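Trainee: Build me a structure from this.
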Amino acid sequence: MTSKGIDHSGLTFRRDYFGDLKAWQALVDLLKDTFAIDIGPLQQMGGPDPSSMPFGWFDGDGLLAANLSAFAMPLVINGRPLNAAAFQSGAVRPPWRGRGLYRDLTQKALAWCEEKGFEAIVLYTDKPALYGPYGFRVLPLHAYSGKAPTVPKAQRSARRLNPRETADLEMLSAVLKTRQPVSDVLAVCESAAMFLINTQLDPGVRISWLERERAAVAWKMDAPRHVMLLDVVGGSIPSLATIIGALDVEAEIVDVLFCPDKLDWSGQAKPLESHTRLMIRAPGTIAFDRPAMLSPMADF
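Mentor: Numbering: from 1, shown residues only. The predicted structure follows:
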């Protein structure tokens, strides 16, 4: 037993291990076993976010017993760019729980973020009480719902993209690097790796390319005539009418899963019903100018 109640007997601490494919696979296995999430395809889609810094405890056979990763996630909040980091892939295998390993990794990740000078840190969790002692607090999230806009005539149809196809992946990767935040209230400025892996985690997600607007749209059909708009990636954000017209679907109701301040459309803000909460650690109090949420394509 070490000081501060951390018992890491039989384990070896490692950080910055994504360059080791066996160690990366150990993280893939940990997340599969813990959350039934497969991030393995990310290696074929450009790899993890280059700013990622994983912290993990490994056993002698290379099994990852506990992990927490941090990475840069620049945000815009109320029109202000925020140099933020994010925590993800936090998990401890059952045999090693209760030994203080996750507390140790959280402290290491917080120290790294302080060293790098991040203004804020965000994370998603279904256990917000776990992070309260570290200064994180819950941000209320809202989606928007309303009638579909009138669609302009003679609209050119969008083309479906498959991020597993080389040409489509290159196009998506390029536009993700130069994207405009989808909202000025709350949005990521960059998060290519998260967008790409989220195209694989939910089989219902469709990615469509609007050639004239040079924009990629992530969307789903929640039910007949019911469109869910998840994200828009481009140098500018087309109106919702332009987007719906290009998708070439009959829509009566639209749910927008981010603040629609750039869509030339207004819907009713509704609290997001989810056990998972977005939390932030930042000096001072942050409150959104309007109800908002991060696009699901930025989920981490």
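Trainee: Only C-alpha atoms from now on, for both contacts and neighbour counts.
Mentor: Fine.
Trainee: mind checking the backbone torsions on the residue nearest to residue 11 when sequence neighbours are not counted?
Mentor: Excluding its sequence neighbours, the residue lying closest to residue 11 (C-alpha to C-alpha, 6 or more residues apart in numbering) is residue 59, at 4.6 Å. Main-chain dihedrals, residue 59, degrees, to the nearest 10: phi -90, psi -180.
Trainee: How about residue 228?
Mentor: Residue torsions, per degrees, to the nearest 10, at residue 228 are phi -110, psi 120.
Trainee: beta partners for it?
Mentor: Taking DSSP bridges, one finds residue 220, residue 255 as the beta-bridge partners of residue 228.
Trainee: How many residues are close by it?
Mentor: If you count neighbours by other C-alpha atoms under 10 Å, residue 228 ends up with 20.
Trainee: for the one 10 residues further on, same thing?
Mentor: Residue 238: 20 surrounding residues under other C-alpha under 10 Å.
Trainee: Show the residue spans covered by the helices in the protein.
Mentor: Along the chain, the stretches classed as helices by DSSP state H are 21-35, 101-116, 166-177, 192-201, 240-247.
Trainee: Can you measure across stretch 188-196, start residue to end residue?
Mentor: End-to-end distance of stretch 188-196 (C-alpha to C-alpha, to the nearest Å): 14 Å.
Trainee: what does that stretch contact?
Mentor: By C-alpha atoms under 8 Å, 6 or more residues apart in numbering, the list of residues contacting stretch 188-196 from outside reads 42, 45-49, 73-76, 163, 173, 176-177, 179-182, 294, 297-300.
Trainee: For that stretch, what does the pLDDT average out to?
Mentor: In this model, stretch 188-196 carries a mean pLDDT of 93.
Trainee: pLDDT weak spots in this structure?
Mentor: Applying pLDDT under 70 to the chain flags the ranges 1-4, 154-155.
Trainee: mind giving me the domain split of it?
Mentor: Under the assignment automatic domain parsing, the domains of the chain span 3-140+275-283, 143-271.
Trainee: Would you pull up how far the longest one lies from the middle of the chain?
Mentor: Averaged C-alpha coordinates place domain 3-140+275-283 at 13 Å from its chain's average position (C-alpha atoms, centre = their mean, to the nearest Å).
Trainee: Likewise for the last one?
Mentor: Relative to the centre of its chain, domain 143-271 is centred 15 Å away, using C-alpha atoms, centre = their mean.
Trainee: start at 609 instead
Mentor: In the new count, where the first residue is 609, that last one comes out as domain 751-879.
Trainee: what about that domain, start to end distance?
Mentor: With C-alpha to C-alpha as the measure, the ends of domain 751-879 fall 6 Å from one another.
Trainee: now swap in stretch 765-776 and tell me
Mentor: This stretch, stretch 765-776, spans 17 Å end to end (C-alpha to C-alpha).
Trainee: Buried ones in it, by neighbour count?
Mentor: Applying a neighbour-count criterion of 16 or more other C-alpha atoms under 10 Å, one finds 765, 766, 769, 770, 771 buried in stretch 765-776.
Trainee: Which residues does it contact?
Mentor: Residues contacting stretch 765-776 (C-alpha under 8 Å, 6+ apart): 652-653, 777, 780, 804, 807, 814-819, 853-856.
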